[in-house]
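In: A predicted structure for the sequence below; I have some questions about it.
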Amino acid sequence: MHEQRRLELAHALAVAKSRQDVPAALRLFHPDMVLETPAFGTTSRGLAENEKALRRFFASFPDYDVVLHGHANNGDTLVCWGTARLTMTGDRFGAVPNGERAEIPVFIQFTFKDDLIAGERFFFDLATLCAQSGVSTDTVRQRLFPTLAGGDAA
């Protein structure tokens, strides 16, 4: 797949996610799509799991918006970087957020198969998101990683 096509797919996904348009995002995914979000400790495989993960993410961050500023690629993998703006809502993370919109740097690693996105690894700093959202990083980590923190699962 040509670099331009990979960039088109990455930008189309950014637009779809910024609109919280789950069907549009899913149309860009390969049936074996793997979405990893290390900060949340989550991995979703296949279209059904990815749909559930995206809907859950948008329920927690209903105004999510991402802008891609740059990229690098090696022919198989595309890495983009940019800024996400999002407001944490609800109590999914074990704490009540302040309602302020966070602005965080993000790095996204993409892989491709059959002219679709086959993998996305979404990197951001959880502590930065928590600080801007007015919640304790320790509390959120205990909710996200209960086996490491000795707490209850989310």
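Out: Cool, the structure landed. Numbering: from 1, shown residues only.

In: quick one: low-confidence parts of the protein?
Out: Confidence mapping of the chain against pLDDT under 70 gives the ranges 149-154.

In: ok, 50 please
Out: Low-confidence regions of the chain, defined by pLDDT under 50, span residues 151, 153-154.

In: What segments of it are strands?
Out: Taking DSSP state E as the criterion, the chain contains strands spanning 29-37, 42-45, 65-73, 77-87, 101-113, 116-123.

In: Walk me through which strands the shortest one pairs with, and which way each runs.
Out: By that I understand strand 42-45. Applying DSSP bridges, strand 42-45 is found paired with strand 29-37 (antiparallel).

In: Likewise for the last one?
Out: Using DSSP bridges, the neighbouring strands of strand 116-123 in the sheet come out as strand 29-37 (parallel), strand 101-113 (antiparallel).

In: and the direction of it versus that of strand 65-73, what angle?
Out: Per axes from the mean of the first three to the mean of the last three C-alpha atoms, to 10 degrees, the angle that strand 116-123 makes with strand 65-73 is 110 degrees.

In: okay, strand 116-123 in CSV with CA atoms only?
Out: Extracted in CSV, the C-alpha atoms of strand 116-123 (Å, rounded to 0.1, in the frame of the first residue of the first chain):
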residue,chain,number,x,y,z
LEU,A,116,-7.6,-1.2,5.5
ILE,A,117,-6.3,-0.3,9.0
ALA,A,118,-5.4,-3.6,10.6
GLY,A,119,-3.8,-2.3,13.8
GLU,A,120,-3.8,0.8,15.9
ARG,A,121,-1.7,1.4,19.0
PHE,A,122,-2.9,4.6,20.7
PHE,A,123,-0.3,6.1,23.1
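
In: Sounds good, over and out.
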